[in-house]
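> I would like to see how this sequence folds:
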Amino acid sequence: MFPKVINICGFDYDIIFPYDFKSSDRLGLCDNGNRKIYLTNRHKGSNLSEQYIHESLLHEVFHVFEYLYYPDDINHYIIEKMSTMWYQFILDNKFISNDIVPKQVKIGPFIWNVIDMEEEMLNIDSEDWTFYIDYTNNNFLFNHLTRHDKKKSKYLHLMRAISCAMLFYIISPNDETDDDEISEIDVVAMTTGIYQFLRSNSWYIDLIKVKYKSLLGRKKVKTE
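Numbers count the residues shown, from 1 in each chain. Presented below is the predicted three-dimensional model:
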């Protein structure tokens, strides 16, 4: 189904699958001390679909990001929702596998525009800003100078903006989290891990895209 060893942010993790957890409620476990990820193929006496197993793997990868980038534990709710949203995002957006910066992306059921803007049009004081998120109109506004940046760098900037938008959806309607618990800066750091993971493990993108179509609609988004 997937490799026995995967690279996450420079570290090799063994994938132990299938693993029989004593607790029937557990789908996976990340053991950062021993660099191992355990995944089960059964839950409460029933076989899990491959889609659940693939998403469970990404969820445990997010626990690696938590371990590498944060001194304290993050609310598990945030990790659960962020990993699920990124899993859905990979399914919905072709650009995630070809490094092309698109004109639009799909986050959950919403279409977001990727727009080049000049500093004076946004009334932003800083001269070194990279992106600005217009949550009201679902726009990612990029400094027009970054358009001439290296493709991979611009691609990473866009992924960071996408993670910030996901955080907005996760926290705003939810009373289980504290806005001060995780900031956009924290999410930007986590996105660096996502970027590195997807670049080092292109098999993961191919695996889930071949097997499954989008669950939230089939509307295609434009790419350049």
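> Geometric centre of this structure: which residue is closest?
Closest to where the C-alpha atoms of the chain average out (C-alpha atoms, centre = their mean) is residue 86, at 3.6 Å.
> That one sits in which helix or strand?
Per DSSP states H and E: residue 86 is located in helix 76-92.
> pLDDT-wise, which helix or strand of this protein ranks last?
Lowest on mean pLDDT, DSSP states H and E among the helices and strands of the chain sits helix 119-122, with a mean of 53.
> wait, doesn't residue 166 sit right on residue 85?
Yes. Counting by C-beta atoms under 8 Å, residue 166 does reach residue 85; the two are 4.7 Å apart. From N, CA and C alone the C-beta is placed, and that goes for glycine too.
> Residues that sit against both of these two, list them.
residue 107 (C-beta atoms under 8 Å, 6 or more residues apart in numbering).
> higher neighbour count, those two?
With other C-beta atoms under 10 Å as the criterion, residue 166 and residue 85 differ in neighbour count, and residue 166 comes out ahead with 22 against 19.
> how close does residue 37 get to residue 57?
For residue 37, the distance to residue 57 (C-beta to C-beta, to the nearest Å) stands at 7 Å.
> do the same with residue 163
Using C-beta to C-beta, one obtains 19 Å as the distance from residue 163 to residue 57.
> circling back to that earlier point, looks like the residue nearest to the centre of the chain contacts residue 194 (just checking).
Yes. Distance between residue 86 and residue 194: 6.3 Å, which falls inside the contact criterion (C-beta under 8 Å).
> number of nearby residues for the closest residue to residue 157 other than its chain neighbours?
Spatial nearest neighbour of residue 157, excluding adjacent residues (C-beta to C-beta, 6 or more residues apart in numbering): residue 130 at 5.2 Å. The tally of other residues near residue 130 (other C-beta under 10 Å) stands at 17.
> I'd say residue 130 and residue 140 touch.
No. Taking contacts as C-beta under 8 Å, residue 130 lies outside contact range of residue 140: 10.5 Å.
> what number of residues lie near residue 49?
Other residues lying near residue 49 total 12 when counted by other C-beta under 10 Å.
> distance of it from residue 27?
As for residue 49, its distance to residue 27 is 12 Å (criterion: C-beta to C-beta).
> Please tell me how far stretch 164-171 is from the chain's geometric centre.
Offset of stretch 164-171 from its chain centre (C-alpha atoms, centre = their mean, to the nearest Å): 12 Å.
> Over to stretch 89-109?
Relative to the mean C-alpha coordinate of its chain, stretch 89-109 is positioned 11 Å out (C-alpha atoms, centre = their mean).
> Can you mark which positions in it are buried?
By neighbour count, with 16 or more other C-beta atoms under 10 Å as the criterion, the buried positions of stretch 89-109 are 89-93, 95-96, 101-102, 104-108.
> Do me a favour and average the pLDDT over that stretch.
pLDDT averaged over stretch 89-109 equals 83, rounded to a whole number.
> Which strands and helices lie in contact with the biggest strand by length in the chain?
Selection of the longest strand in the chain by residue count, based on DSSP state E, yields strand 110-117. Contacting strand 110-117 under the criterion 3 or more C-beta pairs under 8 Å, 6 or more residues apart in numbering; DSSP states H and E are the following elements: strand 104-107, strand 139-143, helix 151-171.
> Indicate which one of these is closest to residue 199.
Among the helices and strands packed on strand 110-117, the nearest to residue 199 by C-beta to C-beta is helix 151-171 (8.4 Å).
> to the chain's geometric centre, what's the distance from the helix or strand that comes right after that closest one?
For helix 151-171, the succeeding helix or strand toward the C-terminus, using DSSP H and E, is helix 184-200. The gap between where helix 184-200 is centred and where its chain is centred comes out at 7 Å by C-alpha atoms, centre = their mean.
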